[in-house]
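Peer 1: Here is my input, please return the structure:
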Amino acid sequence: MREDDRRRRLESLFDEHAAAVRAYALRRIDPASADDTVSEVFVVACRRIDEIPADPLPWLLACARRVLANQYRGARRRLALTDRLSSVSEGVVGSSGTDAGERLLRALESLSEGDRELLMMIAWEGLEPARAAVALECSRATLAVRLHRARRRLAAALEEGGVASPMRPTQMEAVK
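Peer 2: Residues are numbered from 1 along each chain as shown. Model prediction:
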């Protein structure tokens, strides 16, 4: 299919079915997120325009269902991270009167970008070290060493800020 034909087909699909995809999303989420869902669905449709069947609405709705599932998973991960950070900050003991969560964030900010990325890949994204190694394009052994060092630097940053760290890595955690 020529590029002009592909563009026209995508425009036609959008004109005919965007409202139905948005209505589908609105029955499940808030209006702003529904608009984001429609955008993501049509980005996928643009990339896969040659795969869209003659009756496109079911395909588009299936795509919307998967986009929504990804959004739900992301929201659950963010909530789990918030819970984990809350439990860590509740266990953090400091001499200063500032909020423990703020001290933890300041300690994270004091780390290098690489250390932060690695720690957040494990904590925020919920990846176990083997999968994080793939995401960061390094070997498991390299990741284990980097993770151990990043955790040690975070513990040191927390202690410098007057915070006793519950995050000291053990030998076994570093090798996972």
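Peer 1: what sits up against stretch 12-31?
Peer 2: Residues from elsewhere that reach stretch 12-31, judged by Cβ atoms under 8 Å, 6 or more residues apart in numbering: 33-35, 37-38, 41-42, 45, 52, 56-57, 60-61, 64, 68, 71. No exception for glycine: its C-beta is placed from N, CA and C like everyone else's.
Peer 1: so which of those residues is the most crowded?
Peer 2: The most crowded member of these, judged by other Cβ atoms under 10 Å, is Val41 (28 neighbours).
Peer 1: Spatially central residue for this protein, please.
Peer 2: Glu125 (5.2 Å; Cα atoms, centre = their mean).
Peer 1: What ranges does this protein have for its helices?
Peer 2: For the chain, the helices defined by DSSP state H cover 3-26, 31-47, 56-91, 100-110, 113-123, 129-135, 140-160, 171-175.
Peer 1: Can I get those in TSV including mean pLDDT?
Peer 2: As requested, those are exported to TSV (pLDDT from 0 to 100):
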stretch	mean pLDDT
helix 3-26	95
helix 31-47	95
helix 56-91	82
helix 100-110	82
helix 113-123	84
helix 129-135	83
helix 140-160	91
helix 171-175	41
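Peer 1: C-alpha coordinates for stretch 124-132, PDB please?
Peer 2: What follows is stretch 124-132, C-alpha atoms only, in PDB (Å, rounded to 0.1, in the frame of the first residue of the first chain):
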ATOM      1  CA  TRP A 124       9.600   1.300  40.400                       C
ATOM      2  CA  GLU A 125       9.300  -1.100  37.500                       C
ATOM      3  CA  GLY A 126       9.400  -4.100  39.800                       C
ATOM      4  CA  LEU A 127      11.900  -6.000  37.700                       C
ATOM      5  CA  GLU A 128      13.900  -8.700  39.300                       C
ATOM      6  CA  PRO A 129      17.700  -8.300  38.700                       C
ATOM      7  CA  ALA A 130      17.900 -10.800  35.800                       C
ATOM      8  CA  ARG A 131      15.200  -8.800  33.800                       C
ATOM      9  CA  ALA A 132      16.700  -5.500  34.800                       C
END
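Peer 1: Pull the distance from it to the chain's centre.
Peer 2: 11 Å (Cα atoms, centre = their mean, to the nearest Å).
Peer 1: Number the chain from 57, please
Peer 2: Okay, using 57 as the starting number, the last item reads as stretch 180-188.
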